[in-house]
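**Q** sequence unavailable; structure follows:
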């Protein structure tokens with residue numbers, strides 16, 4: 001009887017150790033699978049809101065000082081906390097067909113819909129030639145970046161961005177895996193508040209990221 005009891009106890013311990021091992025492996029895998037990036041300069045709408053208000057996201061002064069970030073935090077705070085995860089899988093390069101007008105700034109992700117709303121988004125001052133900066137936690141690299149600027153006459157304060165509102169500026173070549181990727185963008189003829197719309201096609205999988213950055217051309 002004692003031997004059977006000991007055997008059962010040993011089996012239970014072995015089963016428990018095996019379960020713990022499986023759970024540990026699953027947990028260890030999560031950060032690599034979930035880490036991504038965004039354009040931090042000029043900052044995307046979600047990153048700008050997280051950078052300025054993340055440490056004080058319940059501050060009621062945000063409603064008056066930064067109403068667009070306020071409405072975004074009220075709609076879904078996860079939009080800002082997960083500024084690095086605005087991706088979609090398997091578009092196969094069909095960016096326009098898979099992304100309806102008015103949903104470009106959210107990358108057609110419903111949880112990020114507040115980023116599409118027109119209004120007084122805070123802008124970053126840039127010149128006609130400026131540098132784009134991608135920060136990527138997982139160093140995925142890039143097949144390419146496509147950069148567009150909203151057309152003259154488009155008003156980000158009153159209009160949602162559509163494909164017909166964009167001027168294509170440039171498409172880069174490939175970038176090797178790195179946490180920080182920078183490249184130059186050359187424009188002409190823009191003044192005032194415009195939206196810089198960027199598509200990042202990551203290299204490790206068919207993952208597409210799309211963002212809006214609000215800039216003020218001086």
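**A** Looks like it arrived, so ask away. Worth saying up front: this structure is predicted, and the values here are computed from it rather than measured.
**Q** and the one residue sitting closest to the centre of the chain, what does it touch?
**A** Centroid-nearest residue in the chain: residue 86, 3.9 Å away (criterion: CA atoms, centre = their mean). Contact analysis of residue 86 by CB atoms under 8 Å, 6 or more residues apart in numbering lists 38, 44, 46, 106, 107, 109, 112, 209, 210, 211. No exception for glycine: its C-beta is placed from N, CA and C like everyone else's.
**Q** put the buried members of those residues into a PyMOL selection.
**A** The buried residues among the contacts of residue 86 can be selected in PyMOL (16 or more other CB atoms under 10 Å) with this line:
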select buried, resi 38+44+46+106+107+112+209+210+211
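**Q** ok, the contacts of residue 86 vs residue 94, which is closest?
**A** residue 210 (12.6 Å; CB to CB).
**Q** quick one, what contacts that closest one?
**A** 86, 95, 99, 104, 105, 107, 108, 197, 198, 199, 200.
**Q** which of those fall in strands?
**A** 197, 198, 199, 200 (DSSP state E).
**Q** narrow the residues you listed to just the buried residues.
**A** By neighbour count, with 16+ other CB under 10 Å, those hold 197, 198, 199, 200 as buried.
**Q** got the residue ranges for the helices in the protein?
**A** Taking DSSP state H, the helices of the chain run over residues 2-34, 45-53, 62-65, 67-75, 78-81.
**Q** if we can go back for a sec, need the pLDDT of the residue nearest to the centre of the chain.
**A** As predicted, residue 86 sits at a pLDDT of 89.
**Q** residue contacts, the closest residue to residue 130 other than its chain neighbours?
**A** In space, and not counting its chain neighbours, residue 130 is closest to residue 185: 5.7 Å by CB to CB, 6 or more residues apart in numbering. Residue 185 is in contact with 129, 130, 131, 132, 147, 169, 170, 196, counting by CB under 8 Å, 6+ apart.
**Q** then residue 147?
**A** Taking CB under 8 Å, 6+ apart as the definition, contacts of residue 147 comprise 132, 169, 170, 171, 185, 196, 197, 198.
**Q** mind putting those residues in a markdown table, pLDDT and distance to residue 163 included?
**A** Converted to a markdown table, the contacts of residue 147 look like this (pLDDT from 0 to 100; distance: CB to CB, whole Å):
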| residue | pLDDT | distance to residue 163 |
| --- | --- | --- |
| 132 | 98 | 20 |
| 169 | 98 | 14 |
| 170 | 97 | 17 |
| 171 | 97 | 15 |
| 185 | 98 | 19 |
| 196 | 98 | 15 |
| 197 | 98 | 9 |
| 198 | 98 | 14 |
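**Q** pick out the most distant pair among those residues.
**A** So, the contacts of residue 147 by CB to CB: farthest apart are 171 and 196, at 14.1 Å.
**Q** name the nearest residue to residue 134, sequence neighbours excluded.
**A** Closest to residue 134 by CB to CB, 6+ apart is residue 181, at 4.4 Å.
**Q** show me how the chain divides into domains.
**A** Listed by automatic domain parsing, the domain ranges of the chain are 1-34, 36-217.
**Q** what mean pLDDT does the first one get?
**A** Read that as domain 1-34. Here the average pLDDT along domain 1-34 is 40.
**Q** repeat for stretch 133-145
**A** Averaging pLDDT along stretch 133-145 gives 94.
**Q** quick one: end-to-end distance for it.
**A** 11 Å (CA to CA, to the nearest Å).
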